[in-house]
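Novice: Got a predicted structure here, sequence first:
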Amino acid sequence: MNASAQGTSLLTMIAPRVLAQADRLRDGFLGARPFAHCVIDGFFTDAFACALLDAFPAFERGNSLNEDGKSAGKSVVEQMLSLGEGYARLDRCVQSTGFLELIGRITGIPDLLYDPWYFGGGTHENRDGQSLDNHIDFNYHPGTGWHRRLNLIVYLNPEWEEDWGGALELHRDPYDHEADEMVGVVPLFNRCVIFETTEHSWHGFQKIQLPADRPGLSRKSIALYFY
């Protein structure tokens, strides 16, 4: 893909406001607590976000086995290129020089690398009753040895209330109740959160508890990791 095509790709997928505000977002990212992060509403263009939601894979298509080999309430599809043209467009976008430079501007981290295998990333779907214990992510890619620097998550939930649980929680130290600081991010549609992955970037989410009249809802997101 040449530079012109990359620019067109960004303009049709990333909201123009995000492109225009990259430097202001960087100031917020670097100064954020409990660790470097930012939250960007309306990250993709409306049309592209809707296309990704429309093509989001069925829960049964992903890997829903936990560490014990038993089916759980989380399903992951790492092979995003298998999900149709919308996700193929996303793949072309996130590996482009323009996109990597944009995320580098927002975070102050230059020369970022895209993971073509989406190890641990891809589409994530969590059902009612699922939670994610507070944890710190792996530091190095198991296949390449690259140093992991950033998580970028975009939520695809047109309908979500804060009291349903499932909000991403960023912690200073969830096991030190006196010193801990916590920021919550409700997983609203087309909301993006970018955070630096370090030995101190604790994160997780509380148990999803959907109301009885929303039995078919689930928490949907796309997770992209950069090195």
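Specialist: Ah, there it is.

Novice: residue farthest from the centroid of this structure?
Specialist: Glu178 (28.8 Å; CA atoms, centre = their mean).

Novice: Report the contact partners of it.
Specialist: By CB atoms under 8 Å, 6 or more residues apart in numbering, the contact set of Glu178 is empty. C-beta coordinates here come from the backbone N, C-alpha and C atoms, glycine included.

Novice: ditto for Glu125
Specialist: 56-57, 59, 62, 74-76, 218-221.

Novice: List buried residues within those.
Specialist: 56-57, 59, 62, 74-76, 218-221 (16 or more other CB atoms under 10 Å).

Novice: Now intersect the residues you listed with the strands, please.
Specialist: 74-76, 219-221 (DSSP state E).

Novice: Which single one of the contacts of Glu125 is nearest to Phe43?
Specialist: Ser221 (11.8 Å; CB to CB).

Novice: middle-most residue in this structure, spatially?
Specialist: Centre-most residue of the chain, counting by CA atoms, centre = their mean: Ile153, 1.0 Å.

Novice: Given whichever strand or helix holds it, what are its sheet partners and their directions?
Specialist: In this assignment (DSSP states H and E), Ile153 forms part of strand 150-155. Using DSSP bridges, the strands paired with strand 150-155 are strand 191-196 (antiparallel), strand 219-226 (antiparallel).

Novice: Helices of this protein, residue ranges please.
Specialist: 3-13, 16-20, 22-31, 46-54, 85-94, 97-107 (DSSP state H).

Novice: If you count neighbours, what's buried in the last one?
Specialist: When neighbours are counted by 16+ other CB under 10 Å, the buried residues of helix 97-107 are found to be 98-107.

Novice: Out of the residues you listed, give me the two with the largest separation.
Specialist: Applying CB to CB across these, the maximum distance is between Gly98 and Thr107, 15.3 Å.

Novice: for Ala55, what are its contacts?
Specialist: Contacts of Ala55 by CB under 8 Å, 6+ apart are 83-84, 86-87.

Novice: so which of these is the most crowded?
Specialist: When neighbours are taken as other CB atoms under 10 Å, the top entry among the contacts of Ala55 is Tyr87 (22 neighbours).

Novice: quick one: the residue nearest to the centre of the chain and Ser221 touch, right?
Specialist: Yes. The criterion here is CB atoms under 8 Å, and Ile153 meets it with Ser221 at 5.4 Å.

Novice: Tell me where the chain is predicted with low confidence.
Specialist: 1-9, 65-70 (pLDDT under 70).

Novice: same thing but at 50, please
Specialist: 1-5, 7-8 (pLDDT under 50).

Novice: if I look at Arg26, how far off is Ala36?
Specialist: 10 Å (CB to CB, to the nearest Å).

Novice: Compare the two (neighbour count), which wins?
Specialist: Neighbour count, other CB under 10 Å: between Arg26 and Ala36, Ala36 has more, with 22 against 18.

Novice: if I pick that one, what's in contact with it?
Specialist: Contacts of Ala36 by CB under 8 Å, 6+ apart are 29-30, 107, 195-196.

Novice: partners of the residue nearest to it when sequence neighbours are not counted in the sheet?
Specialist: Of all residues not flanking Ala36 in the chain, Glu196 sits nearest, at 4.2 Å (CB to CB, 6 or more residues apart in numbering). Under DSSP bridges, the beta-bridge partners of Glu196 are Leu150.

Novice: Many thanks, we can stop here.
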